[in-house]
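**Q** Here is a sequence together with a model predicted from it:
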Amino acid sequence: MPLGPDWRAVDLPEIDTLPSPVFLRSQRLPARHSFLPHTHRWRQLVYATAGALLVQAPDTWCVITPEQAVWLPTGVLHATGALHDAEFRNLYVDAALALDMPEHCQVLAATPLLRALIVELDAIGQRQESADYTARVQQLIVDQLPRLPRQDVHLPWPKDPQLRTLCEALYAQPADPRDLPAWGAALGASARTLSRRFERELGISLRDWRTRLRLIRALEWLGAGRAVTDVALELGYASPSAFSHMFRQAMGSSPSDWRRGECG
């Protein structure tokens with residue numbers, strides 16, 4: 001899982017053993033900074049609190065927003081990077097704990113309750129709390145993990161360098177209207193070759209990937225408080241109503257109702 005030449009590697013924190021069965025570590029990453037591929041002797045939940053993270057594992061390359069998390073079982077080789085400035089929490093869970101969680105990498109919905117518990121566990125580290133209270137918060141988190149909804153609404157990310165160039169350009173400018181022939185001309189490959197490669201590696205067409213990209217970026221921007229019209233136009237939709245139609249089909253509610261539900 002190589003970093004691109006324009007990505008900067010970040011030193012891994014030196015943690016030999018977990019200080020508690022559930023341990024939380026906060027991290028900020030500037031844009032295009034990434035940890036090199038590594039493994040842990042414990043399980044891990046990667047949760048973005050701001051920005052968007054690229055999580056790379058052998059069977060999952062994906063981008064997650066603050067409404068999502070990635071579950072990583074013990075010993076899985078992985079790397080985490082920021083497509084742009086990001087804040088996230090690493091929740092480390094002792095491998096000895098009995099926990100009904102997937103034995104493979106899995107994208108999960110970060111529910112409001114889990115997010116609140118993670119914020120509280122983070123705050124505990126900044127103030128004096130009893131060991132009993134800390135243990136209860138940790139146990140509540142452990143209880144919630146198996147209850148997190150598993151998600152297919154995530155953005156798969158390619159390993160192929162040409163496809164990564166395409167995807168990174170579209171991620172930065174989701175309104176970019178270029179089709180496969182135009183991208184083929186830009187990348188030095190035929191449209192048919194790019195199409196086959198895209199579907200073989202990511203399992204979906206470029207058209208479907210672009211729709212999913214727009215949804216992921218919409219969730220990111222709406223969660224940051226941006227206006228619906230502003231989001232619609234920056235994503236390349238001709239009108240807010242066209243954007244709202246896509247959003248309602250994917251999420252079951254309008255962008256405004258979804259944001260009220262997330263914030264309220």
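**A** That came through, no problem.

**Q** what are the ranges of the strands in the stretch 51-200 of the chain?
**A** Taking DSSP state E, counting those that start in this stretch to define them, one finds strands in the stretch 51-200 of the chain at 53-57, 60-64, 68-72, 79-82, 86-93, 106-109, 155-156.

**Q** partners of the longest one, with directions?
**A** Spelled out, that is strand 86-93. The strands beside strand 86-93 in its sheet (DSSP bridges) come out as strand 22-29 (antiparallel), strand 43-50 (antiparallel).

**Q** is it possible to export those to CSV including mean neighbour count, distance to P149 and mean pLDDT?
**A** (C-beta placed from N, C-alpha, C; glycine too.) Shown next, in CSV, are the strands paired with strand 86-93 (neighbours: other C-beta atoms under 10 Å; distance: least, C-beta to C-beta, whole Å; pLDDT from 0 to 100):
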stretch, mean neighbour count, distance to P149, mean pLDDT
strand 22-29, 18, 21, 90
strand 43-50, 21, 14, 90
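
**Q** low-confidence ranges in the stretch 101-250 of the chain?
**A** Along the stretch 101-250 of the chain, segments meeting pLDDT under 70 span 153.

**Q** ok, 80 please
**A** Where the stretch 101-250 of the chain drops to pLDDT under 80, the residues are 125, 151-154, 219-220, 223-225.

**Q** what's the most buried one of the strands of the stretch 51-200 of the chain?
**A** Compared across those, strand 68-72 shows the largest average neighbour count, a mean of 25 (mean count of other C-beta atoms under 10 Å).

**Q** Neighbouring strands of it in the sheet, and parallel or not?
**A** Strand 68-72 sits in its sheet next to strand 43-50 (antiparallel), strand 106-109 (antiparallel), going by DSSP bridges.

**Q** Nearest approach to A96 belongs to which of those?
**A** Minimum separation from A96 across the strands paired with strand 68-72 (C-beta to C-beta) falls at strand 43-50, 10.2 Å.

**Q** roughly how far out does the closest one sit from the chain middle?
**A** 8 Å (C-alpha atoms, centre = their mean, to the nearest Å).

**Q** Can you give the contact residues for it?
**A** 53, 55, 64-66, 68-74, 78, 80, 85-95, 99, 101, 108, 110, 114-115, 118, 145, 224 (C-beta atoms under 8 Å, 6 or more residues apart in numbering).

**Q** what's the angle from it to strand 60-64?
**A** Taking axes from the mean of the first three to the mean of the last three C-alpha atoms, to 10 degrees, one finds strand 43-50 and strand 60-64 inclined to each other by 30 degrees.

**Q** how big is the angle separating strand 43-50 from strand 53-57?
**A** Using the same axes, to 10 degrees: strand 43-50 against strand 53-57 is 160 degrees.

**Q** Could I get the CA-only coordinates of strand 43-50 as CSV?
**A** The C-alpha trace of strand 43-50 is given here as CSV (Å, rounded to 0.1, in the frame of the first residue of the first chain):
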residue,chain,number,x,y,z
ARG,A,43,-8.5,-4.2,17.5
GLN,A,44,-9.1,-0.7,16.2
LEU,A,45,-12.0,1.6,15.3
VAL,A,46,-11.0,4.6,13.1
TYR,A,47,-13.5,7.4,13.5
ALA,A,48,-13.2,10.8,11.7
THR,A,49,-14.4,13.8,13.7
ALA,A,50,-13.7,16.3,11.0
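
**Q** Tell me which residues of stretch 184-191 come out buried.
**A** Buried residues in stretch 184-191, counted by 16 or more other C-beta atoms under 10 Å: 184, 187, 189.

**Q** And the residue nearest the centre of this protein?
**A** I64 (1.3 Å; C-alpha atoms, centre = their mean).
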